[in-house]
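Participant: I need the structure of the sequence given here:
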Amino acid sequence: MNLQTLGWNQFFETEFLTYKEEGYTVGRVALEHKRLYRVFTEDSEVLAEVSGKFRFNSLGRGDYPAVGDWVVMTVRPEEGKATIHAILPRKSKFSRKVAGVTTEEQIVAANVDYVFIVAALNTDFNVRRIERYMLTAWESGANPVIVLSKADLCDDVDEKVRETETVAIGVPIHVVSAEQNIGLEALSAYIEKGRTIALLGSSGVGKSTLVNAFTGKESLKTGGIREGDDRGRHTTTHRELIVLDQGGILIDTPGMRELQLWEADTGLGQGFSDIEVLGEQCKFRDCQHNGEPGCAVGQAITDGELDLERFKSYLKLQKELAYLDRKEDKQLAIAEKEKWKKITVGQKKRKK
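Facilitator: The predicted structure is shown next:
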């Protein structure tokens, strides 16, 4: 396949120019597995790992290649293997905080044009979860699209769409049922040669079923719905880039029951633009929206123009991001200290 089919464009060509003159090869990461990467190149597929220098200069997980990244490599075609020396600058990246107590960035997908935020229309439907995905999608630099799946399992589709519209201001919303081939044609309009779409959402919402519908074959395993709570079974276990025969690239991702934010300063303003606009109308510029006189936000809640739960979610996400910023600053300082410690030790060894 040619590089344009994989999403290559003038932006990446310009960034690769210096490396190209030095004889390096470029490829796109299709699969990541324990620091090994399956990479698509113009000529073949190779299994790659990062160089020792790359590893030495990396401060954290976010510095390593992710699915969707364009990487600079030296290839050993006779072995089907390669060494990664650098990552080309990312046009966009969808990040979250890694699961657990560690404060570290995990890049879910890179160089994405559209993010399909998939939510199932069953009893596990949750607008607050969609809201959280929206924030991260806006922050990523990609364009979000809401996909309400499993419409055949819902008796009040119109009501669920109205709920979604309250948190997805100005964002396209599509109702689909892959099982009954409903709404797929509208999603197909986003799929074009060289365009990358990442599918994000909780386990069992139908991401893999959508991928199979677009590929026309059982490319990925799919799971049913657990009895009792309508939550999906976890099927996709890794992120994977899939090139479609008709053009376009899909990135399927594992389901995330809880999406822990990494950074969303820009996303917060875009995702909650209604509250931000109201805040600008408050009498006092430093209004905390907590009972102050002339508070436009408080008045909107009283008048029923702003949902109280949405405002509470806004405040909660603000606090979460502020807490994360504080922890991240400490982690970066520690990582930088460790990096210089390694450099100093290396210099002492060379002097000996």
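
Participant: Provide a list of residue ranges in the stretch 251-352 of the chain with pLDDT below threshold.
Facilitator: Within the stretch 251-352 of the chain, the ranges that satisfy pLDDT under 70 run 255-270, 321-352.

Participant: just the helices in it please.
Facilitator: 265-271, 273-280, 296-302, 308-351 (DSSP state H, counting those that start in this stretch).

Participant: swap in the chain?
Facilitator: Remark: helices assigned in the chain by DSSP state H are 10-21, 52-57, 127-140, 157-165, 184-188, 207-215, 265-271, 273-280, 296-302, 308-351.

Participant: angle of the third one against helix 273-280?
Facilitator: It refers to helix 127-140. 80 degrees (axes from the mean of the first three to the mean of the last three CA atoms, to 10 degrees).

Participant: export helix 127-140 as PDB, just CAs?
Facilitator: The C-alpha trace of helix 127-140 is given here as PDB (Å, rounded to 0.1, in the frame of the first residue of the first chain):
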ATOM      1  CA  VAL A 127     -24.700  11.300  29.400                       C
ATOM      2  CA  ARG A 128     -22.000  12.100  32.000                       C
ATOM      3  CA  ARG A 129     -19.800   9.500  30.500                       C
ATOM      4  CA  ILE A 130     -20.400  10.900  27.000                       C
ATOM      5  CA  GLU A 131     -19.600  14.400  28.400                       C
ATOM      6  CA  ARG A 132     -16.200  13.100  29.700                       C
ATOM      7  CA  TYR A 133     -15.300  11.500  26.300                       C
ATOM      8  CA  MET A 134     -16.300  14.800  24.600                       C
ATOM      9  CA  LEU A 135     -13.800  16.800  26.600                       C
ATOM     10  CA  THR A 136     -11.000  14.500  25.800                       C
ATOM     11  CA  ALA A 137     -12.000  14.400  22.100                       C
ATOM     12  CA  TRP A 138     -12.000  18.200  21.900                       C
ATOM     13  CA  GLU A 139      -8.600  18.300  23.600                       C
ATOM     14  CA  SER A 140      -7.200  15.800  21.200                       C
END
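
Participant: Please point out which parts of that helix sit buried.
Facilitator: 127, 129-140 (16 or more other CB atoms under 10 Å). Just so you know, the C-beta spots here come from the backbone N, C-alpha and C atoms, and that holds for glycine as well.
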